[in-house]
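Peer 1: got a predicted structure here, sequence first:
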Amino acid sequence: MKLLMIEDNKSVSEMMQMFFQKEGWDVTFAYDGIEAVDKFNEDPDSWDMITLDLNLPKKDGMEVAKEIRAKSQTVPIIMLTARDSDSDQVLGFEMGADDYVTKPFSPITLVARIKALQRRAHTESESDEEVEEKAKNTFDIETDHFRLNTNTREAYLDDKRISDLTPKEFDLLKTLAQKPRQVFSREQLLEMVWNYEYYGDERTVDAHVKKLRQKIEKVGPQVIQTVWGVGYKFDDSEVDNKK
């Protein structure tokens, strides 16, 4: 795995380097926002994972995340920060982060979170033609208007691909779509998609739903519905009526 760690604290970087080397990962370090963007832009498609400190010199981590997402919608990003307010977490997710780790953190915990995110983001190395053919024939979830393939990490609405889904957005969509019209509370989605208690910050779910809806609306009607006072559900039963 090729990892870019953006962290202005060199002591933290040196500590994590030992753990990364133990895993056999190819790690590059950037120590300020400008250097981070420059290193990422050298070859945007080559990175498998990014860890990003929010509190950076020269260019804020939020701006760095925005610039990275402008070049790649899918590279997994884990934000690292000493900030622990709900608003910072939600803003980080809206800027495109897939996960969030608050300092001080355990190196072992960070490595575990990277591995978990890597597993979700991993796709088979196939040509576009192979992926397209596989997507046509093999789906884990199929409804009248929606299809989802977990192997290729692709989802289609009325045969139009929902593009640029981040790992968390894909997992969220899969969780909702595998049980159409079932209502999931924010607390349930935190547990099922993030696999751990997110300090009770249910707005994490709202931020990801917002971004997911924006991508769905680029190809067709909205199928992620809000059930006020409860949570969210997937429902494409009225798609024809919305056209």
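Peer 2: All right, it came through fine. Residues are numbered from 1 along each chain as shown.
Peer 1: got the domain ranges for the chain?
Peer 2: For the chain, the domain assignment from automatic domain parsing gives the residue ranges 2-121, 128-242.
Peer 1: make JSON lines out of these and add mean pLDDT.
Peer 2: Listed next are the domains of the chain as JSON lines, based on pLDDT from 0 to 100:
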{"stretch": "domain 2-121", "mean pLDDT": "85"}
{"stretch": "domain 128-242", "mean pLDDT": "84"}
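Peer 1: could I get the ones you listed as CSV with mean neighbour count?
Peer 2: For glycine as for every other residue, the C-beta is placed from the backbone atoms N, C-alpha and C. Converted to CSV, the domains of the chain look like this (neighbours: other C-beta atoms under 10 Å):
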stretch, mean neighbour count
domain 2-121, 17
domain 128-242, 17
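Peer 1: got a list of what the spatially closest residue to E187 that is not a sequence neighbour touches?
Peer 2: Excluding its sequence neighbours, the residue lying closest to E187 (C-beta to C-beta, 6 or more residues apart in numbering) is E202, at 6.5 Å. Contact analysis of E202 by C-beta atoms under 8 Å, 6 or more residues apart in numbering lists R186, E187, L190.
Peer 1: again, 10 Å this time
Peer 2: D86, S185, R186, E187, L189, L190, G231 (C-beta atoms under 10 Å, 6 or more residues apart in numbering).
Peer 1: quick one: residues contacting the fifth one.
Peer 2: Put plainly, it is L189. 171-172, 175-176, 198, 202, 204-206, 208-209, 231-232.
Peer 1: which one of these sits closest to Q225?
Peer 2: Y232 (6.7 Å; C-beta to C-beta).
Peer 1: helix, strand or coil for F105?
Peer 2: Look at F105: counting by DSSP: H, G, I helix; E, B strand; the rest coil, its state is coil.
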